[in-house]
Every structure is written in C-alpha cells, then in structure tokens.
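[1] Below: sequence and its predicted model.
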Amino acid sequence: MADRPLRVAVVGSGPAGFYAADALLKSEEPLCEVDLVERLPTPWGLVRLGVAPDHPNIKAVSRAFERIASREGFRFLGNVEVGKDVSHGELVGLYDAVLYAVGAQTDRRMGIPGEDLPGSWPATAFVAWYNGHPDFQHLEFDLAGERAVVVGAGNVALDVARMLALTHEELAATDTTDPAIEAIANAGIREILLLARRGPAQAAFTTPELQELGELAGGDVAVDPADLVLDPASEAALAADTPIARRNVDVLNEYGLREPAGKERLVRLRFCVSPVAILGDGKVEAVEIERNRLVADERGRIRPEPTGEREVIPCGIVFRSVGYRGVAVPGAPFDESSGTMPSDGGRVLGAPGVYCAGWIKRGPSGVIGTNKKDATETVELLLEDARAGVLPQPSDALIDELLAERGVDVVSYAGWEAIDALERSRGEAQGRPRVKLCSWDELLAAARM
Ligand code: NAP
C-alpha cells in the first residue's frame, strides 16, 4: 500500500455521501482522505432540498454531517460537476478510489396520455421548488384550481399533500422559500386528492407521516370507509408480519370514521384507483381514473388489475409522486432498466476502484438512516480492496490543479459555512431556522465572503 493516506473522491453530498465519508475517515488501516465532490454550492442533498421544511427534526441529521465535515482529512469541493467540470475518467485517474453517492435525480414516469400537459408536474420538481433548489426557482405552479391531485402512496406524496394543506402561519415558521409560502397560503385549493393504485395495506407510507395528515391546523382528512374494506389477499398479508401496514390501516380506519370539521382544505385519500389519462385543452383540467381490483400474482405480490370502471375528476394541477429514478453519470457504468449503477454490494461492476452507495446503488428506497448501513457496507468493500492492493494506481496529479486550470469556482467547506451563516442570520431575524439563498449567483457570492 502507498506510504500516504488513501485518497477517495466521494461524489454527492447527501446522506449516503456523508455516511461514506464518515466510514472512510474512521478507518485506521488504511488512513483515508476524502474529497466530497458536489454539483451544488451547498451540501446535504435531500436533507436540505428534499425533506419537507416542516420536518425540522429530520433535517437535524445535518448536525451529524457537520461533525463528519470537521474530521481531519475531509474536504468539500462544491460547485464541481462530474461529467462537466471533471470527467469520470479523470476522477478515476486522480484518486485511489471513487465512490458515487449521487442519489436518484429524476422522477419515474407513469406512461399515460397527458402526462406532459402543462400543470402535470413531477412531485420532485415541486419539492425542489419549495425547498429552494437553485435550478427550480423559475417554475410557476398554478395553484388557483380548487382541486390538486397527488398520484402515489409514498412519503413524498404525503409531503406534497401536507405542504399544500399547511397554513401561512405553519409555513412561516419553516425554511420554505418565501415565494412558495405565499403561493401555497394564497392558493385556491380546497381539496387535495391523493390517489393510491393499490389498497391501504399496500401503501408505502410510514405511519408517523400518515398520522400527521390527521393533525393539520388548516386541513381535514377524509377516506371513504368503502375504500378501506380489505380483500382476502390483503387480510392475509396483514395477518403476516407487516407491522407498518397494520398501523397504517389502523390510522386510515380512524380517518374513515371522521367527519370533516370544515377546515379550509381537505386532504382526501382514495385507494385502488389508477390515473389512465390526464385531460385538458392546453393545460390540466381533469384526471381520468380507473378502479382496480387487487390480485395476488404467482409470487404472492398483490398487484392492481384494472376493472374497466372509469371516472373523470376535475382538477387544476397534478403532482406525479410515483418514485424517483437514478440518472447516469457520463462515462460511468449504468443500468437503464433499474436506474442504478450495476454493482456487487457497492463494487461497481466492470470498473475497478469505483464504488457506489445510497439510492444510485439500491434504488430510491428507505429513510435517511438506511443510507448509513448501505454506505458503510460499500466502504468496507473499498477498504478491503485497498488492503488487498487491488485498487488501480492513480497519477500524482491533484484535482485542485485541474479545476483551477479550467477556472472552476470551487466552493470549499468554508464557503459553505459562509452561506450557512448568512442563511441562519437571515432566518434568526424572522424566528425561522434559515432563509435560504435560492439562486446560483447569491449562493456563489455568499460563498466568496
Ligand atoms: P415510494 O415510497 O417508492 O412510493 C411510490 C408510490 O408510487 C407507491 O405508492 C407506488 O405504488 C406508487 N406508484 C408507482 N408507480 C405508479 C404508477 N404508475 N401509478 C400510480 N402509482 C404508482 O417513493 P417516494 O414516495 O418517492 O419516496 C422515496 C423514498 O423516500 C421512500 O423510501 C420514502 O419512504 C422516503 N421518504 C421518506 C420520508 C420521511 O421519512 N418523512 C419523506 C419522503 C420520502 P406501488 O406500491 O403500487 O408500486
């Protein structure tokens, strides 16, 4: 092994990237140095730009990331895009190992007519917009219509439905961007309709998030009890070891008994319905849905099967929240069918010295903590390869020289700390955790301070 610490580039500074950096920097044999390469001037990935702003407790995991960043051997290289400022091949030639933790940066498609009509949005774009992602601030969401439809039964769908139902007062205490607070609080929306293609026992919600829907200051929650009658296959599945599904069904049954209290907005959940078309003349005016029956396939998985019974539901906007999807890093191996990097436990196939962790490794599933185990497992393989002496030999060149030659305005960790301090001080004056800088110009200017 070389007579110096192992130099590793971790690409992507969300939870998987930070947990990978942590595991690397804890290694004693070999000692490691980590350059955390990030496209944005800001770290933390979805913790900053995906987690709902009214979930400060979840966002507080960033404190653990700050501790990791303070370890010796850690550097943040923000505003550096792999594939543009530096290529995958160059990174591989500069470091002992490269570990991708780039997440899943686009949305899954539903593949139905009208999906791209104006007013039909991927939920991921709305989430990035209200969270202040600098690439999404130009978007204009027309929230004037009385009904908004959210497709999907996962936690992102719940986030979107809940955010749309928050009051001005609730939003004003968060780091939601000011334009988003005004747009949501002044929206004409009266009903937020969440559509699940399977039944209550198959929803991908986690229970605390589902419970929050029942505790909104400005929103009632409603479910038709007829939607909650379980088919025999779901009954049997619930009787097996599925505690989350059972708790979800209990919460939903309680919602089914509620009478709306007449709050300003109503969140309605419907089950066993699939959108088959998004309708409208030049923009979204309605969603056509079809009722499903549930059938167990040969492997026991409960699937939706269309019944032919259709219905048209007028609405002004649609948020498609049917899951994220990974995007290829130019030049690096990628499996189009799964939207992930093909790997054996995190060792990228056919690319010695290249590893992956988080959503780009296993797909967009699990909660933030899931990435700790995932990233640690990948790092164990990387360290094993380093100890075995099978990592390719890098050149002696440093990325700093290459980026300087190309005039890349790298944001260091100190640069991020300047952004962070400015955002927090702006927030303090308003009793908010922070007021985010939302444009590239503002972010880069603050980083230079
Ligand atoms: P998800 O949990 O995978 O949920 C996706 C939903 O979309 C599922 O209900 C799925 O239904 C449905 N779906 C997929 N294709 C569909 C189609 N063609 N038509 C209709 N429905 C369709 O994904 P997510 O909500 O994007 O969340 C991603 C991950 O982040 C999850 O692990 C989630 O728990 C996590 N997350 C956690 C939090 C939190 O802890 N507070 C917040 C946000 C996200 P089927 O089950 O039938 O496929």
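    Structure received. Residues are numbered from 1 along each chain as shown.

[2] List the contacts of whatever residue of the stretch 1-150 of the chain ends up closest to the ligand.
    Scanning the stretch 1-150 of the chain for proximity to the ligand using Cβ to the nearest ligand atom identifies residue 110 as nearest, at 4.3 Å. Placement of C-beta: from N, CA and C, glycine included. If you count contacts by Cβ atoms under 8 Å, 6 or more residues apart in numbering, residue 110 has them with 151, 275, 320, 322.

[3] Specify the local secondary structure of it.
    Residue 110 carries the three-state label coil when classified by DSSP: H, G, I helix; E, B strand; the rest coil.

[4] who does the longest helix along the chain touch, helix- and strand-wise?
    Ordering each helix of the chain by length in residues (DSSP state H) puts helix 370-387 first. The contact analysis (3 or more Cβ pairs under 8 Å, 6 or more residues apart in numbering; DSSP states H and E) places helix 370-387 against helix 15-26, strand 97-100, strand 347-348, strand 354-356, helix 359-362.

[5] Which positions within the helix or strand that it is followed by qualify as buried?
    Past helix 370-387, further along toward the C-terminus, the next helix or strand under DSSP states H and E is helix 399-405. Residues of helix 399-405 classed as buried by neighbour count (16 or more other Cβ atoms under 10 Å): 399, 402, 403.

[6] Spit out the contact partners of residue 338.
    For residue 338, the contacting residues are 326, 363, by Cβ under 8 Å, 6+ apart.

[7] mind redoing it with 10 Å?
    Shown in contact with residue 338 (Cβ atoms under 10 Å, 6 or more residues apart in numbering): 325, 326, 362, 363.

[8] Ok, residue 448 next?
    Applying Cβ under 10 Å, 6+ apart, the residues contacting residue 448 are 409, 411, 415, 418, 419.

[9] Give me the buried subset of these.
    Members of the contacts of residue 448 that pass the buried threshold by neighbour count (16+ other Cβ under 10 Å) are listed as 411, 415, 418, 419.

[10] Among the residues you listed, name the ones in helices.
    Going by DSSP H, the helices hold 415, 418, 419 from the buried ones among the contacts of residue 448.

[11] Tell me the one of these nearest residue 194?
    Checking these against residue 194 by Cβ to Cβ gives residue 419 as the nearest, at 35.0 Å.

[12] ok, and the closest non-adjacent residue to the closest one?
    Distance criterion Cβ to Cβ, 6 or more residues apart in numbering; nearest residue to residue 419, sequence neighbours excluded, is residue 446 at 4.5 Å.

[13] So the one you found belongs to a helix, correct?
    Yes - secondary structure of residue 446 (three-state DSSP): part of a helix.

[14] Surely it touches residue 411?
    Yes - under the criterion of Cβ atoms under 10 Å, residue 446 makes contact with residue 411 at 9.5 Å.

[15] before we move on, the earlier item: restrict the contacts of residue 448 to contacts with the ligand.
    Filtering the contacts of residue 448 for neighbours of the ligand using Cβ under 6 Å from any ligand atom leaves an empty set.

[16] Just put those in JSON lines and tack on pLDDT and distance to residue 199.
    As requested, the contacts of residue 448 are arranged in JSON lines below (pLDDT from 0 to 100; distance: Cβ to Cβ, whole Å):
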{"residue": "409", "pLDDT": "97", "distance to residue 199": "51"}
{"residue": "411", "pLDDT": "98", "distance to residue 199": "47"}
{"residue": "415", "pLDDT": "98", "distance to residue 199": "49"}
{"residue": "418", "pLDDT": "98", "distance to residue 199": "50"}
{"residue": "419", "pLDDT": "98", "distance to residue 199": "45"}
